[in-house]
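1. Pasted the sequence and its predicted model underneath.
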Amino acid sequence: MRTLSDHIFDLVQNSINAGAQNIHVTVEETTSENLYKIIIKDDGHGIKPEHLSKIKNTFFTTRAQTKRRVGLGLSLMDATCQRTGGSLAVESEYRHGTTITATMEHDHTDRPPIGDLPDVFASLMLSTTENKIIWTLEHIFNGKKYRLKNRVTADELNIFSYAESGVRDKLYQLINKKEEKIYR
C-alpha cells in the first residue's frame, strides 16, 4: 500500500463484507503529540473470539478456500504501524462490530503519506449507496475537523440522490474544500 488512504479503503472493505450498516472512519492528526491515528468502527458481524488472535497473520483468512487464501489488509496495516513507531489494535465483539485503531508517529520518515483522502471518502460514500450504509467520515488536524454523514452531506450538496449525474465531482470538491480549511 502506497498511501494511508489505500489502507483505509482496503480495511473498510472488511466492514462492508461483514455486513456493516454503520461505518465510522476517523483520521486524526495531532502534531504536538506526534500522533497519527486512523480509527475504523463498524457494526458488522464482528470477529469470532477464536479468530481475534490470528487476524494480523498474513496467512490467516476466514474466506472460503475458493477465494484468496490470505488476508493482507490487517497484516499490512500492522506492519506499517510497527514500522512507524505505532501499533494496531483490533477490538471486536462477535455479532456486534469491530473497531480498528492504527497509530503511528506523525513525523516518522516511514509513515506513508495520506494520499487522496477526498477521493477515498467520495468513493466510499458513492460506491455503497445501494447497500444503504450510513457513513460517518471525519478528519481532525490539530483540533480542527470536519465530519461528513451521508444524509447531511446530500443536503449540503443540494442533491436528492448520490446516483445523480455529477455528484462525484461535487462531493470531491466539497471534501477537498473541507480538507483545505482544516490545514489552514
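-> Received the coordinates, thanks. Residues are numbered from 1 along each chain as shown.
2. Give me the contacts around stretch 13-33.
-> By Cβ atoms under 8 Å, 6 or more residues apart in numbering, the residues outside stretch 13-33 that reach it are 4, 8, 12, 35-46, 73-74, 97-98, 106-107, 114, 117, 121, 124, 128, 131-143. Every C-beta, even on glycine, is put in place using the N, C-alpha and C of the backbone.
3. The residues you listed, buried ones only, as a PyMOL selection?
-> Here is the PyMOL command that selects the buried residues among the contacts of stretch 13-33 (16 or more other Cβ atoms under 10 Å):
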select buried, resi 4+8+12+36+37+38+39+40+41+42+43+44+45+46+73+74+97+98+106+114+117+121+124+128+133+135+137+138+139+140+141
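4. Filter the contacts of stretch 13-33 down to the ones in helices?
-> Secondary structure from DSSP state H places 4, 8, 12, 73-74, 117, 121, 124 of the contacts of stretch 13-33 in helices.
5. And for Leu72, the neighbour number?
-> Residues within reach of Leu72, counting by other Cβ atoms under 10 Å, total 14.
6. for Glu180, same thing?
-> For Glu180, which is what you asked about, the neighbour count (other Cβ under 10 Å) is 10.
7. Phe141 versus that one, what's the distance?
-> Glu180 sits 11 Å away from Phe141, taking Cβ to Cβ, to the nearest Å as the criterion.
8. Can you give the contact residues for the longest helix seen in the chain?
-> Of all the segments assigned as helix in the chain under DSSP H, the longest by residue count is helix 167-183. Judged by Cβ under 8 Å, 6+ apart, the contacts made with helix 167-183 from elsewhere in the structure are 117-119, 121-122, 125-126, 139-141, 144-146, 148, 153, 156-157, 159, 161-162.
9. Would you mind writing the PyMOL command to select the buried ones in those?
-> Selecting only the buried members of the contacts of helix 167-183 in PyMOL, with burial defined as 16+ other Cβ under 10 Å, works like this:
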select buried, resi 117+118+119+121+122+125+139+140+141+146+148+153+157+162
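10. With just CA atoms, put the helix-or-strand element of the chain with minimal mean pLDDT into PDB.
-> Ranked by mean pLDDT, DSSP states H and E, the helix or strand of the chain with the weakest confidence is helix 150-157, at a mean of 80. Taking C-alpha atoms only, helix 150-157 is exported to PDB below (Å, rounded to 0.1, in the frame of the first residue of the first chain):
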ATOM      1  CA  ASN A 150     -24.400  10.600   4.000                       C
ATOM      2  CA  ARG A 151     -27.700  12.400   4.600                       C
ATOM      3  CA  VAL A 152     -26.300  15.700   5.900                       C
ATOM      4  CA  THR A 153     -23.800  15.800   3.100                       C
ATOM      5  CA  ALA A 154     -26.600  15.200   0.500                       C
ATOM      6  CA  ASP A 155     -28.400  18.200   1.900                       C
ATOM      7  CA  GLU A 156     -25.300  20.300   1.900                       C
ATOM      8  CA  LEU A 157     -24.700  19.400  -1.800                       C
END
